[in-house]
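**Q** Requesting a structural model of the entry that follows:
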Amino acid sequence: MYSDYTFYTETYKGQLKEAEYERQAVRATAEIDRLTFGRAAQIAPGEMPDAIKLAECAVIDELARQSVGGAGDIVS
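**A** Sure, this is the predicted structure:
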């Protein structure tokens, strides 16, 4: 995964619960890897650009929206 839950909630301002975030992050990482032809995976974790982290968070939210239940498991 390129982002973490703290980045997701504090920087991206995401609203999914942590379990839903983790579930969708696996799929989002695979999608980012597919779209970057694996180049994102070659970047050292401490050097990961925020742009990739933000993109992953956006994919996470979209995957959650598409999942059963519509908006996923939102923090209230």
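
**Q** in this structure, which ranges drop under the pLDDT threshold?
**A** When residues are selected by pLDDT under 70, those of the chain lie in 68-76.

**Q** how about the helices of this protein, start to end?
**A** With helices called from DSSP state H, the chain shows them at 5-6, 18-35, 50-66.

**Q** right, so of those, which gets closest to Ile43?
**A** Smallest distance to Ile43 across the helices of the chain (CB to CB): 7.4 Å, for helix 50-66. All C-beta atoms are positioned from the backbone trio N, CA, C, and that covers glycine.

**Q** Return the set of buried residues in the closest one.
**A** By 16 or more other CB atoms under 10 Å, the buried positions in helix 50-66 come out as Ile52, Lys53, Leu54, Ala55, Glu56, Cys57, Val59, Ile60, Asp61, Leu63, Ala64.

**Q** Over to stretch 4-15?
**A** Tyr5, Phe7, Tyr8, Thr9, Tyr12, Gly14, Gln15.

**Q** related to what we said a few turns ago, okay, the buried residues of helix 50-66 in TSV with distance to Ala19 next?
**A** Shown next, in TSV, are these (distance: CB to CB, whole Å):
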residue	distance to Ala19
Ile52	23
Lys53	20
Leu54	21
Ala55	22
Glu56	17
Cys57	16
Val59	17
Ile60	12
Asp61	15
Leu63	14
Ala64	11
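
**Q** Sweet, I'm off.
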